[in-house]
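K.L.:
predicted model and sequence below, questions to follow.
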Amino acid sequence: EVQLVESGGGLVQPGGSLRLSCAASGFTFSMYAMSWVCQAPGKGVEWVSGINSDGGSPDYKDSMKGRFTISRDNAKNTLYLQMNSLKAEDTAVYYCRKGRNQWWNGGMDYWGKGTLVTVSS
C-alpha cells in the first residue's frame, strides 16, 4: 500500500522558513518522480514543485522560484521542501504526490494527507 506522510508544517512569521518532509512507503521511491502541491483556504489545488526520480530537473511555480527548494533522499525514501522567505500568501495545506513515472511532468497519482503551513505575524 502506497503511503505518503507529510510533516514539518506549522505557524511561521513572514520572512521565516520551514522544511517540509514527506516519508514514502509501499513503492520503490527511487523509481518515481515526486511533487508538492498546495491548497490555500478557499482556493483550488496548485502545483508547487516537482523533481524527477533521480533528483534531476527540479522546477517550481513561478511565485516560489528563488524561495523554495525541492530535494529528495532516495536512500531514506523521503521528499523535502525547503521554504524560505515565506509570505502570507504561501499559507496553505501542502501535499506531496507520487508521480506516475520517473518524470515529474508525467502525471501524479497518490496523495498524502497534507501538512498545514500558516504564515502570519
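P.N.:
All right, it came through fine. Just so it is clear, the model here is predicted, and its values are computed rather than measured. Numbering: from 1, shown residues only.
K.L.:
show me what counts as buried in the lowest-mean-pLDDT helix or strand in the chain.
P.N.:
Using mean pLDDT, DSSP states H and E, the weakest-scoring helix or strand in the chain turns out to be strand 108-111, at a mean of 94. When burial is assessed from 16 or more other C-beta atoms under 10 Å, strand 108-111 yields the following buried residues: Met108, Tyr110. From N, CA and C alone the C-beta is placed, and that goes for glycine too.
K.L.:
and that strand, what does it pack against?
P.N.:
Here strand 108-111 touches strand 92-99, going by 3 or more C-beta pairs under 8 Å, 6 or more residues apart in numbering; DSSP states H and E.
K.L.:
ok, and what's touching the strand it packs on?
P.N.:
Contact with strand 92-99 is made by 2, 4, 6, 9, 20, 22, 24, 27, 32-41, 43, 45-46, 48, 50, 53, 79, 81, 106-117, as judged by C-beta atoms under 8 Å, 6 or more residues apart in numbering.
K.L.:
measure the residue positioned nearest the centre of the chain to Thr118 for me?
P.N.:
With distances taken as C-alpha atoms, centre = their mean, Trp36 lies nearest the centre of the chain, 2.8 Å away. In this structure, Trp36 and Thr118 are separated by 17 Å, where distance is defined by C-beta to C-beta, to the nearest Å.
K.L.:
what do you get for Val48?
P.N.:
Spatial separation of Val48 from Thr118 under the definition C-beta to C-beta is 16 Å.
K.L.:
likewise for Asp90?
P.N.:
The separation that Asp90 has from Thr118, given C-beta to C-beta, amounts to 9 Å.
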